[in-house]
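> 3D, please:
(one chain, ligands or ions: 1)
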Amino acid sequence: MTTAANLDIIGVAKSYGTFTALDNVSLAIQPGEFLTLLGPSGSGKTTLLMSLAGFVRPTRGHIVSRGKDLAQVPPHKRNFGMVFQSYSLFPHMNVAENVAYPLKLRKVSKSEITERVTRALELVQLAHLADRPIAKLSGGQKQRIALARAVVFSPDVLLMDEPLSALDKNLREAMQFEIRNLHDKLGITTVYVTHDQREALTMSDRIAVLKSGRIAQIGAPREIYDYPTDSFVAEFLGESTLLPVESRGSQYHFAGTPLRVEAGSPDARFLMVRPESSISGIPPSATATTVSMARSNARSSRATRCRSRWCWTAARPC
Ligand SMILES: Nc1ncnc2c1ncn2[C@@H]1O[C@H](COP(=O)(O)OP(=O)(O)OP(=O)(O)O)[C@@H](O)[C@H]1O
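Take a look at the predicted model:
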């Protein structure tokens, strides 16, 4: 068994003509980490993932794994497993043949192929379907087979691009746990792309939130959910009410009343309240566990959403 690989993304940029899809992205992915790239449509998630895979050539920057710059390493030599939304299984092969394919490419012996395919199918609990044609599988089964095929050759890194978005909600939630369990069993460094905040919060060790080709924030799920660095991250990570505050030195005021806040940056502009926060009135004698301060890049200087249990406009409950 090989040790898990690290992945260093150093100042990576990608331009298409004058359009910048990735802008100076740097990120150190730890060995065995489950890192999610999260962001709205067009933020650059797939471009970054495809750069890691070797299908997109960065305009600038470096991608380094196990101390080696991958710039000159073609996709099939990177030893990275990939899972796509569309499964990408071979329709003319049965389940076992699909899973065996990467091993055949690597010229693994027949007996070892049989053993490793059986083990990979057992991991995704589909060993009983080894002889079934791909056309006779459900969407969830197809995605499990794609997963088995991606891990059967013990890849250094597993890259997944919205692997669950074609599945219905219940199956999707079940698969989130299966993928995370598989990751924990195998310990493969994993980079996972999604635009689904819940999925990212449920599955990841860390989340990198992308906005317009840049990393807006990176951190553990709880950290970025509770302490977003700005209003974009605050709103993208879940329902929130953003209340405009004034800062005077290290003291914050809402509607003229001083707030007690344990964590906040000097340039914070908003008090963030999540729906599950338990403040019961203004002024919230707030602690960092119930509210956070976010820097401004908001579209509005007023509370921008009204979906939480507590919603305040001009310091009055609505
Ligand atoms: N080959 C290309 N030529 C020109 N522009 C491209 C190309 N590939 C991607 N882009 C642009 O780069 C930006 C980032 O695209 P990317 O697919 O990485 O976004 P994404 O965050 O994965 O979006 P989605 O969630 O919709 O898949 C988009 O504006 C896209 O239109």
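> can you report how many residues lie near the closest residue to D156 other than its chain neighbours?
Leaving aside its chain neighbours, D156 sits nearest to A5 (3.9 Å; criterion: C-beta to C-beta, 6 or more residues apart in numbering). The C-beta positions use only the backbone N, C-alpha and C, and glycine is treated the same way. For A5, the tally of surrounding residues (other C-beta atoms under 10 Å) stands at 20.
> wait, A5 touches I63, no?
No - in this structure A5 lies outside contact range of I63 using C-beta atoms under 8 Å: 11.7 Å.
> returning to that earlier point: what's the helix or strand for the residue nearest to D156?
Of the helices and strands defined by DSSP states H and E, none includes A5.
> C-alpha coordinates for stretch 205-224, PDB please?
Output of stretch 205-224 as PDB, limited to C-alpha atoms (Å, rounded to 0.1, in the frame of the first residue of the first chain):
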ATOM      1  CA  ASP A 205     -12.100  17.900   5.800                       C
ATOM      2  CA  ARG A 206     -11.700  21.400   4.200                       C
ATOM      3  CA  ILE A 207     -13.600  23.500   1.700                       C
ATOM      4  CA  ALA A 208     -12.100  26.000  -0.700                       C
ATOM      5  CA  VAL A 209     -14.700  28.400  -1.700                       C
ATOM      6  CA  LEU A 210     -14.100  29.800  -5.200                       C
ATOM      7  CA  LYS A 211     -15.400  33.000  -6.600                       C
ATOM      8  CA  SER A 212     -14.600  34.300 -10.100                       C
ATOM      9  CA  GLY A 213     -11.500  32.100 -10.400                       C
ATOM     10  CA  ARG A 214     -10.100  33.000  -7.000                       C
ATOM     11  CA  ILE A 215     -10.200  31.300  -3.600                       C
ATOM     12  CA  ALA A 216     -12.500  33.400  -1.500                       C
ATOM     13  CA  GLN A 217     -11.900  31.400   1.700                       C
ATOM     14  CA  ILE A 218     -10.400  28.000   2.700                       C
ATOM     15  CA  GLY A 219     -11.000  26.200   5.900                       C
ATOM     16  CA  ALA A 220     -12.800  23.400   7.800                       C
ATOM     17  CA  PRO A 221     -16.600  23.300   7.200                       C
ATOM     18  CA  ARG A 222     -17.400  24.600  10.700                       C
ATOM     19  CA  GLU A 223     -14.900  27.400  10.400                       C
ATOM     20  CA  ILE A 224     -16.100  28.800   7.100                       C
END
